[in-house]
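Student: got a predicted structure plus its sequence, pasted below:
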Protein chains: 2
Amino acid sequence: MGMIYNSCMKNDPLLPFFSPKGVVIVGVSRDPTKLGYMLASNLVQSGYQGAIHFVNPKGETLFGRRIYTRLADVPDPVDLALLLVPPPGVPAALEDVAARGIRAAVIQTGGFRETGPDGARLEQECLEIARKHGIRLVGPNCIGFIDTHLPINSTFLQPPGPPAGDIAFISHSGAICAAVMDWIRGQGNGLSNLASLGNCLDVSEADLLPVMAANPHAKVITLYMESVRNGADFIEKARLAARIKPVLALKVGRFESGKKAAASHTGALAGAESAFDAAFEKAGVIRVNTTEELFQWAKALAWCPLPKGRRVAILTNSGGPGVTAADALELNGLQLAQLSPATVEGMKSFLPAAASLHNPVDMLASANAEHFSRALELMMADDQVDSILVISPPPPPTTAAALIKAMVPVVLSHDKPVVFTMMGEDQVSEALALLHAYKIPDYRFPEWSASALGALSRYAEIKQRLMDENQAKAGKAPARATALLAAEPQGQFISPDAATGLLDAYQIATTPLTLCKTAEEAARQAGKTGYPVVLKIASPDIVHKSDIGGVLLGLKNAAEVAQGFAKVMERARAAQPDAKVDGVHIQRMLPAGQEVITGMVRDPMFGPMMMFGSGGVEVEGLKDVAFALAPLTFAEAEKMLEATWAGRKLRGFRSIPAGDREAVIDTLMKLSRLAVENPAILEMEINPLRVLPPGQGAYAVDVRIRKS
Amino acid sequence: MGMIYNSCMKNDPLLPFFSPKGVVIVGVSRDPTKLGYMLASNLVQSGYQGAIHFVNPKGETLFGRRIYTRLADVPDPVDLALLLVPPPGVPAALEDVAARGIRAAVIQTGGFRETGPDGARLEQECLEIARKHGIRLVGPNCIGFIDTHLPINSTFLQPPGPPAGDIAFISHSGAICAAVMDWIRGQGNGLSNLASLGNCLDVSEADLLPVMAANPHAKVITLYMESVRNGADFIEKARLAARIKPVLALKVGRFESGKKAAASHTGALAGAESAFDAAFEKAGVIRVNTTEELFQWAKALAWCPLPKGRRVAILTNSGGPGVTAADALELNGLQLAQLSPATVEGMKSFLPAAASLHNPVDMLASANAEHFSRALELMMADDQVDSILVISPPPPPTTAAALIKAMVPVVLSHDKPVVFTMMGEDQVSEALALLHAYKIPDYRFPEWSASALGALSRYAEIKQRLMDENQAKAGKAPARATALLAAEPQGQFISPDAATGLLDAYQIATTPLTLCKTAEEAARQAGKTGYPVVLKIASPDIVHKSDIGGVLLGLKNAAEVAQGFAKVMERARAAQPDAKVDGVHIQRMLPAGQEVITGMVRDPMFGPMMMFGSGGVEVEGLKDVAFALAPLTFAEAEKMLEATWAGRKLRGFRSIPAGDREAVIDTLMKLSRLAVENPAILEMEINPLRVLPPGQGAYAVDVRIRKS
């Protein structure tokens, strides 16, 4: 079994964690109440075929094996050390590991960063020792690894371990592992791998993704995440894994994502969770909301072929659950398939006249095993049907097991997903055992079946997208942009001229903005620009200019411009007496058009995150915005448009004329490149971006850019 | 046990369904494969204390009892007939029931309306016979009733029946009943009552609500609904029941609620499900999304005291599940309690220094049963904590059962809800049995616990509201309104003058609208009204006037009015050449202010349903609207404002000045009375309602009213 890892991880320093030649437990115990005993017991009983060694200063024997008093005495082969010594002893143990020539260690002991600053220092000391000697570390504060196929169990969890199965589970939390194993067993399911990572001092969740993606026993990868160690690394590895098999993540810690003070609308609207959502979207990772969803969906994703579309047929023998399922399909973004005439005619030939032959198909309570299997066969052959949901409420005429026996061959002989709802509990246990034996997913309620089919469809679409789509590319910033930015002060909004210049450098259309210090200068400039013009207060300290009446629109002549100058100066003085005011900006007034907002905030974990949506003064109240991580492809930018009303109505709506959608998408893509290529930029916002009729472009009317 | 029903249902014709003196099964069978045998067997074995009689033309005996060949021969006492004869024989059987003096019958046979027009006719015939003789009917096409406390089981479901418990389950679907019973048993739960209503020919779900509300064994009422028989009746009875105990409903059939063609925005936005949502809101019924939620929430609602607020404390021995729970609390609208200093200090005295003493409290893996119970006791005594979520991942140092044993006395000695998350499956079974014995709710995952606590908080708030709030009252329409409406043609939009007159009759402020047939007349009227004015095309055939450019704003003098007249006439001709055009309407132009939409559609099931939200041309795209059933109380109208951005921003937002919220609420309440008191109105819409600054009122700028 280790062959798999050896071939896909050739010379990978992580190989010993997955397929060690020999394992040594440092800190083994002969006391059955200690974790060091449990760990040794699990390792010995797991069926692991490599060498097993024990170390404890007290010596003696355990399970008929010698306990070495010093790691140095342990014979070959040994390439993985499991450390269960008290926290203060871990650094010394790591030195011993290095001296023995071992380059992979799991620190299973707790009592590090999670307990406070002292623990964090100790952890850092361990990392330095490991780096010095080229040792890779898993943990600390973790439970260990399980591979049910290799097999190996290097955890100290109470037996029995998880049944062998198809789901890989990677977890930041150790506490949840035991519960998940117990629950999975109760559900008739199993794990291919379990990896508890603890504090992720060195080896991270991202590091495990390529290994699990290459492991043929893992049909689906599930993650319980509290954070990511490195955002870009996670996205890249998750994206590659998701091309091969489904990756599901439960990301917890939402309630800790407090709001930061933000100077822009984009910043105010972007919580830390928006960045995680955007990262999962980019990587093709399906985010689940609950622990139960993680494993209920994993079951279907591990066992079913992928559907070709979203059209689902429902087969049942009673009305109520069929209706419930139909509702649930709709809530999960699926459609009721329109059965083809051949299917309907075929069913008519053997079902009672009162049966309902249109989706959901209700064969009535008299339906027997043959009816179920024949109807299922017809649906399997129907091109109008992409997947099938079979519901069996406890049937009076026959047993649930008899129904399943008749249907299993039909399911296995086609390449179309079928999910069963076996309603009830005790009365369906035999049927469930049969389904599990053939790896056909089952649920107790129609709603779970529908949501699992939804997950199958979502993954089918994700896989297609990841296969088709090249990642957006960013390169080197144009020299002009770099120079412009370098000249501006740090930690502030850059000047409007510099901001316009940056957009220019990326061919984002702007309405040039000219600073005028006096009313006369403003009137002269307006004459050059051409009337009507817009006049805006020019001040680095006044952020939301329209809030203080600092923006005047549609000034038609020199007199209006001169009066306007005086007016906004007075308003600025009244509203913010201490603000530095440089004068006003004069700008050409664009033709009418829809107005949208687009912006960027730099997420500390995932880098530049783009926003698009409804702009104007109500942007923060309306919250009609979408986020995605830069750089953006055409498809990603278009998806942001489709996710918002602001974007959808660019197609035109009632009396609202259509706008230049392509120009908006182009602007989003360019702005995302600008963000990636100029890391000195902390925040940007174009508000509004005026969208002219199709073919006429989109113009940044106001832009604000802040350096970090 | 029958005492309970006898006292609360004195002389109620439904009493025999719940507590019959004697039951006769018409259509009993001696063949163990037949439903007529199963029904007899269940009834005999259920422990029912009244008389049991069997009827079948073939005679003989069953279970040592005589089978009468004719119903007429059955001796007293007998007041309930269970009919299991083939459909065509049911009318004759009902005549026999009447002749024998029985006034309550359950038609358990299927094959009526659910099979098509012939079945529907047969059903109608049965109803007529029942009406003629004063017989109340349950069914047809139903499974029957169970009362686990009386006890009685008049269903033909395979044994065993449900364990005795605290949850009443009323279902339109028979098929789901067996599954629910089996599942509930597997969960360690039980039912007080099960009632399968089938086609609801006579006795409806609403009829059962007062009975279940009065039954002390039913701590919570759960409904599986496909429809309601009578909307107003359901709301009234559900509202009264929800004052006494929680009512949860799973309403299925969403996917069947197709969109009707609608002439107004309100009509287009209101799906049939909006009416159900509004009805449940009005009645205080909690709508669940899945079958599982129905029973998971019912468990907590049946067993826990109600929380005083939304502040939840989490007690656990490991970080991951605590974080998961905290997230889930937030998603369920709950808050993490801020523990009082006394609680934190108290825990510090016995927990390790590294334990996290702030909510979520993580006592670390070393926590034992005493730690759990002492910490729980402190939280119970803490006034800052309204409810508690205890999480036990499978703990290595002790068993789950030992933890529960220590905590049960603490839970029972306080009046504060505690919900347990016992993670795992097999390893926690002993602990679960203990919790169930003491009626303390448990879940396998923290997310379920959090959602159950959310349901508890929601019901606590609903109960408070229902106790505090009087229902909105509507009376008789003012004579002027009745006369105005009567004069208008049916099935059409009424004239603008009549519409304005109707609003006037309810003291809803309008901007009077005057019809002018010529440009000169329009200019003259504008002079009277005072400039600036609005000019609108007057045509019964042009519904969305601004879409065709038929509305001109801010006309400042007679010349502009005259030109405007010509312009809109031409546009109307161009856009809808066949439209009947009466001229134009001239209207005073109001000062600036926020604009909202409010409207009404008459739901066939629940009557007038009010809408409020963001108006203007984007109303259908933006979908920022809320619905509620008329008549509205102040609180209900205010809730509609708070549910929409249009309503929230009436408080003012950034540079948007505040509007007269009270005037909007007042308008909604008056419009809802108008809708209730004038049933001839099918649809109404005020769009926009211009909201002036606080204290200055809200004006209906445009109103459209359609008669049925």
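Tutor: That came through fine. Residues are numbered from 1 along each chain as shown, chains lettered A, B, ... in the order given.
Student: how about the residue in the stretch 301-450 of chain A positioned nearest to chain B, what does it touch?
Tutor: Nearest residue of the stretch 301-450 of chain A to chain B: A:Gly320, at 2.4 Å (C-beta to the nearest C-beta). Every residue, glycine included, has its C-beta placed from N, CA and C. For A:Gly320, the contact set (C-beta atoms under 8 Å, 6 or more residues apart in numbering or on different chains) comprises A:393, B:171-176, B:224, B:226, B:252.
Student: which phi and psi values does it adopt?
Tutor: phi -50, psi -60 (degrees, to the nearest 10).
Student: once you drop chain neighbours, what's closest to it?
Tutor: Residue nearest to A:Gly320 in three dimensions, not counting chain neighbours: B:Ser173, with 2.4 Å by C-beta to C-beta, 6 or more residues apart in numbering or on different chains.
Student: A:Pro210 too?
Tutor: A:Pro210's closest residue in space is A:Lys237 (C-beta to C-beta, 6+ apart), at 5.8 Å.
Student: ok but the one you found is inside a helix, no?
Tutor: Yes - according to DSSP: H, G, I helix; E, B strand; the rest coil, A:Lys237 belongs to a helix.
Student: just checking, it touches A:Val211?
Tutor: No - shown here, A:Lys237 and A:Val211 do not form a contact pair, counting by C-beta atoms under 8 Å, at 9.9 Å.
Student: all strands for the stretch 1-150 of chain A, in order.
Tutor: Applying DSSP state E, counting those that start in this stretch to the stretch 1-150 of chain A gives strands spanning A:22-26, A:51-55, A:61-62, A:65-68, A:80-83, A:104-107, A:136-138, A:144-147.
Student: what's the closest of those strands to chain B?
Tutor: Across those, closest to chain B is strand A:144-147 (C-beta to the nearest C-beta), at 13.5 Å.
Student: so what does the closest one touch, helix or strand wise?
Tutor: helix A:15-18, strand A:152-153, strand A:191-196 (3 or more C-beta pairs under 8 Å, 6 or more residues apart in numbering or on different chains; DSSP states H and E).
Student: picking that back up, I'd like the strands of the stretch 1-150 of chain A as JSON lines, with mean neighbour count, distance to B:Pro163 and mean pLDDT appended.
Tutor: Output for those, formatted as JSON lines (neighbours: other C-beta atoms under 10 Å in any protein chain shown; distance: least, C-beta to C-beta, whole Å; pLDDT from 0 to 100):
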{"stretch": "strand A:22-26", "mean neighbour count": "25", "distance to B:Pro163": "47", "mean pLDDT": "98"}
{"stretch": "strand A:51-55", "mean neighbour count": "22", "distance to B:Pro163": "49", "mean pLDDT": "98"}
{"stretch": "strand A:61-62", "mean neighbour count": "14", "distance to B:Pro163": "47", "mean pLDDT": "96"}
{"stretch": "strand A:65-68", "mean neighbour count": "16", "distance to B:Pro163": "51", "mean pLDDT": "97"}
{"stretch": "strand A:80-83", "mean neighbour count": "27", "distance to B:Pro163": "47", "mean pLDDT": "98"}
{"stretch": "strand A:104-107", "mean neighbour count": "27", "distance to B:Pro163": "47", "mean pLDDT": "98"}
{"stretch": "strand A:136-138", "mean neighbour count": "24", "distance to B:Pro163": "47", "mean pLDDT": "97"}
{"stretch": "strand A:144-147", "mean neighbour count": "26", "distance to B:Pro163": "37", "mean pLDDT": "96"}
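Student: the ones you listed: which one's closest to A:Arg602?
Tutor: For these, proximity to A:Arg602 was assessed by C-beta to C-beta; strand A:136-138 is nearest, at 30.0 Å.
Student: I'd say A:Phe295 and A:Arg185 touch.
Tutor: No - in this structure, A:Phe295 is not within contact of A:Arg185 by C-beta under 8 Å, at 11.4 Å.
Student: those two: who's more crowded?
Tutor: Set side by side, A:Phe295 and A:Arg185 show more neighbours around A:Phe295, with 24 against 20, by other C-beta atoms under 10 Å in any protein chain shown.
Student: SS state for that one?
Tutor: Secondary structure of A:Phe295, per three-state DSSP, is helix.
Student: any idea how far A:Ile184 is from it?
Tutor: Distance from A:Phe295 to A:Ile184, counting by C-beta to C-beta, to the nearest Å: 6 Å.
Student: got any residues that touch both of these two?
Tutor: Shared contacts of A:Phe295 and A:Ile184, defined by C-beta under 8 Å, 6+ apart, comprise A:Ile167.
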